[in-house]
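In: Pasting a predicted model and its sequence here:
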Amino acid sequence: GKMWIFGSALQAGAIGLAVIGAVNSVVSLFYYVRVIKAMYIEPAATQARLPRSRSLRLALALCTIGLFLLGLWQGPWLDLTARSLPMVPQAADLPWLL
């Protein structure tokens, strides 16, 4: 997605905006790497037990069921998404990809 945004900015002549976006993307990598480091490199901290209230279990069950159903019946959601888009860009519409 960022490639399309930066490409559109360059195509429109907003070179400064594209440079600022690219610099911000590099800075954001610092935060992404911190998360990866915390997940895989640093030792695990002691884990506190989560409260198991009825409302939490209900919310988790509803989310799980919703994700399961979306995975099984993707067609209607994909059709709705396709109809809501004004156009589907082709490679010829994006000269920086060629």
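Out: Cool, got the structure. Numbers count the residues shown, from 1 in each chain.
In: For this structure, which residues score under the pLDDT cut-off?
Out: Within the chain, the ranges that satisfy pLDDT under 70 run 86-98.
In: can you pull the buried residues of the lengthiest helix in it?
Out: Across the chain, the longest stretch assigned as helix under DSSP state H is helix 15-40. Across helix 15-40, burial judged by 16 or more other CB atoms under 10 Å covers Ala18. No exception for glycine: its C-beta is placed from N, CA and C like everyone else's.
In: Tell me which other helices or strands the helix or strand immediately after it in the chain touches.
Out: Note on helix 15-40: by DSSP states H and E, the next helix or strand toward the C-terminus is helix 54-72. Packed against helix 54-72 by the contact rule (3 or more CB pairs under 8 Å, 6 or more residues apart in numbering; DSSP states H and E) you find no helix or strand.
In: With just CA atoms, put helix 54-72 into CSV.
Out: The C-alpha atoms that make up helix 54-72 are tabulated as CSV, following Å, rounded to 0.1, in the frame of the first residue of the first chain:
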residue,chain,number,x,y,z
ARG,A,54,-18.3,-14.6,31.8
SER,A,55,-18.3,-11.4,29.7
LEU,A,56,-14.7,-12.0,28.6
ARG,A,57,-15.5,-15.6,27.6
LEU,A,58,-18.6,-14.5,25.7
ALA,A,59,-16.7,-11.8,23.8
LEU,A,60,-13.9,-14.3,22.9
ALA,A,61,-16.4,-16.9,21.8
LEU,A,62,-18.3,-14.4,19.6
CYS,A,63,-15.0,-13.1,18.0
THR,A,64,-13.9,-16.7,17.4
ILE,A,65,-17.3,-17.7,15.8
GLY,A,66,-17.2,-14.5,13.7
LEU,A,67,-13.7,-15.2,12.4
PHE,A,68,-14.7,-18.8,11.6
LEU,A,69,-17.8,-17.8,9.7
LEU,A,70,-15.9,-15.1,7.7
GLY,A,71,-13.3,-17.7,6.8
LEU,A,72,-16.0,-20.1,5.5
